[in-house]
Every structure is written in C-alpha cells, then in structure tokens.
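S.K.: Quick one, structure for this:
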Amino acid sequence: MIVAVCSDKGSPGATTLATALGTVWPGDRALVDADTAGGDTPFRLWTQDREHRLAPSPSIAQLAAAARLGLSPAGALPFSQLCSLGLPVVPGMLSADRALPLRGLWPRLASETSAWSGTVIADLGRLQPGNPSVAMAAAAEAVLVVTRVDLEGLARLRERVAELAAAVGDPRRDRTPVGVVVTGAPRHRSFALQQVRQVLLSIGSPVQVIGFFAQDPGGAQGLWEGRWTRRLAGSDLIRSARSVAESVLAQWPSLLPRSAQDEAEPDSEVGGIDDELTRRWGPRAEVGRG
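M.R.: This next block holds a predicted model:
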C-alpha cells in the first residue's frame with residue numbers, strides 16, 4: 001500500500017511530513033524518496049549508527065530495476081537503509097538528471113510497491129503536471145497534498161486539487177484518494193484549517209482537509225539530527241504528524257495494520273486506530289491551537 005505525500009509550487013514541507021509520518025506510522029512501513037527533481041533524504045538522514053549520511057546505494061534506482069521483474073513479498077524493504085530514527089528508507093536520486101533513466105519505470109514501480117502488505121510512504125516532492133511519478137500517486141490509497149495558507153498557496157490550491165483528483169481518480173472508488181494537509185505555525189492552526197476548508201467548499205471539491213502539520217523549526221532540527229529523544233517525541237512537529245496519521249487511517253482504514261483492523265469495533269474503525277497508535281506512542285497530546 002502507498003501513502004503519497006506531495007506539494008505544489010514552493011517547498012512547504014512534503015519531505016519533512018513524509019519522514020515524520022514514517023517515524024510514527026504503525027506496522028511495517030518504509031519511506032521511499034520518489035522526488036524526480038532530486039531527493040533530499042540522502043543529505044538529511046543518518047545511518048543507524050549516526051556516523052554517516054545514507055549511502056548512495058541501494059536507492060530507488062535499484063528498487064525500480066528490480067520491480068521490472070517483480071518484487072518479493074518484502075516489497076521495498078530489501079532496497080532500504082535503516083536510518084537512525086528507526087525508519088527503513090529507500091533514498092532518492094541525487095538530481096533530476098540522474099532520475100531521468102527511471103522515467104519509463106514508474107508505472108511498474110508503483111504497481112509492485114503498492115502490492116506490499118506494509119505501507120510505503122512515498123515522498124513525491126513537487127508533483128507538477130507531466131511528472132512521471134504521478135503513477136505512484138495513482139496507485140496510492142491516499143495522496144496528501146501539503147499546502148500553506150497564503151495568497152499564492154490558496155490560489156493554486158483551487159487548481160491543483162482538481163487536477164490531481166482527476167489525474168489519480170478511480171471510478172471504482174467511493175471517494176477521492178486526495179486529501180489536503182495544511183501546514184503553518186501552531187498558533188494559526190484553527191485559522192489555517194478554516195481558510196483551506198472554505199476554499200475547497202467554494203469550488204465544490206470532494207477533497208477533504210485531512211489535518212494540520214506544524215511548522216516547527218526546533219522539531220525539524222531534531223528530526224534531521226537523527227536522534228529520537230523525548231524532546232523530539234513531544235515536539236509540535238511529531239505530535240502533529242501523529243494527528244495527521246490518525247486522520248489518514250480514519251479516512252482510509254484499509255491502511256491500518258491487520259492487527260488493528262481485527263481489533264476495531266464493527267461500527268467504528270477509530271477504536272482500532274487509537275489502540276494501535278497508543279500502544280506505540282502512548283496517549284496523544286494536542287497540538288497548540290490558535
């Protein structure tokens with residue numbers, strides 16, 4: 001299964017959200033850096049011993065080549081590197097030029113990685129029209145579009161959510177796989193969510209606002225330092241990532257680990273979600289509201 005994370009113009013934090021989600025996601029998961037403009041993970045994440053940055057190989061290049069013949073039941077894991085945060089990561093290509101040879105491999109790569117029983121969190125970077133990694137989004141259970149609340153962000157959001165929903169929509173699904181994650185300062189959380197909901201409502205979009213991801217420089221610094229500390233675990237960054245994970249799992253319960261699906265109440269998936277997340281992280285704390 002795939003959860004795709006992307007943004008539009010600018011850099012509102014898709015890689016940070018994808019990485020933070022990976023650290024809190026329940027069950028088997030792997031972060032796959034699928035940014036065709038050149039991935040950030042080789043420069044940001046550390047090896048398990050924190051002595052070096054992630055190695056250039058294995059990477060998404062080896063994963064894509066293997067996908068042509070079919071992946072094993074382990075999916076992307078044999079091509080991942082365990083980073084110091086305890087998250088298996090398939091690093092991306094270092095530049096757009098190096099990603100060009102993969103152009104024809106994306107549909108097969110998407111099909112093979114989506115068949116894994118765990119969750120691939122795919123960082124697609126800036127997902128513009130014509131980007132070949134749209135195939136990953138089309139194969140995803142959920143596509144999270146990260147947006148800021150400013151004049152340019154809101155104006156482009158109206159266009160992009162409609163384009164993306166049409167590009168990855170599947171008439172066999174009851175709902176669109178696309179959801180919006182709003183990012184900003186924690187004190188502006190309520191205002192930012194309200195603004196984005198009003199924009200989507202004004203155009204009659206079926207796309208829902210999934211949650212809020214805090215812009216937290218201190219938390220982001222801790223994340224990229226690669227040490228899982230109590231301070232990082234309690235940061236607005238990680239707490240908001242957990243909240244987004246809960247919302248995604250509630251909207252798309254097929255992403256739940258099998259153990260949590262089995263334990264969910266017949267009329268509600270939320271109990272199973274909360275039980276699974278609490279076992280892993282403890283009781284949830286609220287992100288600051290403004």
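S.K.: pretty sure residue 89 is in a strand, no?
M.R.: Yes - according to DSSP: H, G, I helix; E, B strand; the rest coil, residue 89 belongs to a strand.
S.K.: Extract the C-alpha set from stretch 50-61 and format it as PDB.
M.R.: Provided in PDB are the C-alpha atoms of stretch 50-61 (Å, rounded to 0.1, in the frame of the first residue of the first chain):
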ATOM      1  CA  ARG A  50      24.800   8.100  13.000                       C
ATOM      2  CA  GLU A  51      28.400   8.100  11.700                       C
ATOM      3  CA  HIS A  52      27.400   8.800   8.100                       C
ATOM      4  CA  ARG A  53      24.600  10.100   5.900                       C
ATOM      5  CA  LEU A  54      22.700   7.500   4.000                       C
ATOM      6  CA  ALA A  55      24.700   5.700   1.300                       C
ATOM      7  CA  PRO A  56      24.000   6.400  -2.400                       C
ATOM      8  CA  SER A  57      23.000   2.700  -2.900                       C
ATOM      9  CA  PRO A  58      20.800   0.900  -2.500                       C
ATOM     10  CA  SER A  59      18.300   3.500  -3.700                       C
ATOM     11  CA  ILE A  60      15.200   3.900  -5.700                       C
ATOM     12  CA  ALA A  61      17.200   3.100  -8.900                       C
END
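S.K.: which residues sit against the strand or helix carrying residue 219?
M.R.: In the assignment (DSSP states H and E), residue 219 maps to helix 217-225. Contact with helix 217-225 is made by 16, 19-20, 23, 44-45, 85, 229, 231-232, 235-238, as judged by Cβ atoms under 8 Å, 6 or more residues apart in numbering. For the C-beta atoms, the positions are set from N, CA and C on the backbone; glycine is no exception.
S.K.: residues of that helix that come out buried?
M.R.: 219-220, 222-224 (16 or more other Cβ atoms under 10 Å).
S.K.: for those residues, which one is nearest residue 29?
M.R.: Relative to residue 29, the closest of the buried residues of helix 217-225 is residue 223; by Cβ to Cβ it sits at 16.1 Å.
S.K.: per-residue confidence at that closest one?
M.R.: Residue 223 is assigned 95 on the pLDDT scale.
S.K.: Format the buried residues of helix 217-225 as TSV; extra columns: distance to residue 198.
M.R.: Formatted as TSV, these follow (distance: Cβ to Cβ, whole Å):
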residue	distance to residue 198
219	28
220	28
222	33
223	31
224	34
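S.K.: In contact with residue 76, which residues?
M.R.: 30, 32, 63, 88, 90, 113, 116, 120.
S.K.: Counting only strands, which of those residues make the cut?
M.R.: Using DSSP state E, the subset of those located in strands is 30, 32, 88, 90, 120.
S.K.: Between the contacts of residue 76, which sits nearest residue 128?
M.R.: After measuring those against residue 128 - Cβ to Cβ - the closest member comes out as residue 32, at 19.0 Å.
S.K.: can you tell me which residues contact the closest one?
M.R.: Here residue 32 is in contact with 60, 63, 76, 89-90, 113, 120-123 (Cβ under 8 Å, 6+ apart).
S.K.: do that again at 7 Å, thanks
M.R.: Residues near residue 32 by Cβ atoms under 7 Å, 6 or more residues apart in numbering: 60, 76, 90, 113, 120, 122.
S.K.: hang on, the earlier thing: tell me which two in the contacts of residue 76 are the farthest apart.
M.R.: 88 and 113 (12.7 Å).
S.K.: For those two, indicate the residue with more neighbours.
M.R.: A count of neighbours by other Cβ atoms under 10 Å puts residue 113 above the other of residue 88 and residue 113, at 27 against 20.
S.K.: What distance do you get for the closest residue to that one other than its chain neighbours to residue 43?
M.R.: Among residues not flanking residue 113 along the chain, residue 120 sits closest, at 4.9 Å (Cβ to Cβ, 6 or more residues apart in numbering). To residue 43, residue 120 is 21 Å away according to Cβ to Cβ, to the nearest Å.
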